[in-house]
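[1] Need a 3D model of the following:
(one chain, ligands or ions: 1)
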Amino acid sequence: MMRRKLVAGNWKMNGSCAALAELDGIAVAAAAAPGVDVAVAVPFTLIAPAAERVPALVIGAQDVHPAAGGAHTGCVSAAMVAEAGARFTLVGHSERRCDQAESDGDVKAKAEAAYRAGLTVILCVGEQLAERDAGRAEAVVTGQVAASLPDGAAAAWLSIAYEPVWAIGTGRTPTVADVAQMHGAIRRQLAASIGEEADAVRILYGGSVTADNAAGLLRAGDVDGALVGGASLTAAKFVPIVEAAAAL
Ligand code: 13P
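    Purely as a prediction, here's the structure:
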């Protein structure tokens, strides 16, 4: 099964109107890499100006509330981010699972809300360091996939991002072999959950992806792209990752 590579940036709680200038160079690189899907998840406040500034680039949100609307002070619905110009959203990022105590059930509900609003979804999973050290990484991650997969999950609108928590923002990455093994386990779990459709679902790797390690990671079995944090904040760092995907 040939799956198009997807290289997505996650700006987390970084960026400003001035920083949107970085998207210009990213959009140029995306246009020059027609075989690769390129996307950037920006803070809520930057979705509309980003989508207006670079209409050809896929802009997304980093989270949505599971409800369509109502008394949820400070929260933002999937329809709201879609109206602002988002075409996708992350759900279940470890910084939300850990910092905001989001459960697999929350993540599933958010993914389903995103689908109802017409967004595509990158659903994040990943183990903590203590879980890896205890030999439980695969069980934890496949458990997260099984329990947070939305009803009706299909490759046309859902990708998975494997982001080991200990590799995020640390400069540490698993070996390419470890990544390939985990992605294989995720695909087997997807097959158990959704059958043959699992073959078409893209599984991204995230956690300290840089221009230097991107090509090696992207060549690994069952690695269909990258979810990039720190190195997505500037065109200078992100564009080489897009180019590495395009060169495969
Ligand atoms: P870093 O690339 O900064 O390690 O972040 C990864 C991540 O969490 C992307 O969602």
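
[2] and the residue in the chain that the ligand sits nearest to, what is it in contact with?
    With C-beta to the nearest ligand atom as the measure, residue 229 is the residue of the chain nearest to the ligand, at 2.2 Å. Backbone N, C-alpha and C define where each C-beta goes, glycine included. Residue 229 sits next to 9-10, 12, 168-169, 206 when contact means C-beta atoms under 8 Å, 6 or more residues apart in numbering.

[3] now those in TSV, with neighbour count, secondary structure and distance to the ligand?
    Below are these laid out as TSV (neighbours: other C-beta atoms under 10 Å; DSSP: H, G, I helix; E, B strand; the rest coil; distance: C-beta to the nearest ligand atom, whole Å):
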residue	neighbour count	secondary structure	distance to the ligand
9	28	strand	8
10	26	strand	4
12	19	coil	7
168	21	coil	4
169	13	coil	4
206	26	strand	4
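
[4] Same list (these) but as a markdown table, adding pLDDT.
    Shown next, in a markdown table, are the contacts of residue 229 (pLDDT from 0 to 100):
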| residue | pLDDT |
| --- | --- |
| 9 | 98 |
| 10 | 98 |
| 12 | 98 |
| 168 | 95 |
| 169 | 93 |
| 206 | 98 |
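
[5] Buried residues in stretch 171-191, which are they?
    For stretch 171-191, a neighbour-count test (16 or more other C-beta atoms under 10 Å) marks 173-174, 176, 179-183, 185-187, 189-190 as buried.

[6] ugh, typo on my part, it should be stretch 89-100
    By neighbour count on 16+ other C-beta under 10 Å, the buried set for stretch 89-100 is 89-97.

[7] so what's residue 46 up against?
    11, 15-17, 19-20.

[8] how does it look with 7 Å?
    Counting by C-beta atoms under 7 Å, 6 or more residues apart in numbering, residue 46 touches 15, 20.

[9] if we can go back for a sec, quick check: which of the buried residues of stretch 89-100 are also close to the ligand?
    Among the buried residues of stretch 89-100, proximity to the ligand is found for residue 93 (C-beta under 6 Å from any ligand atom).
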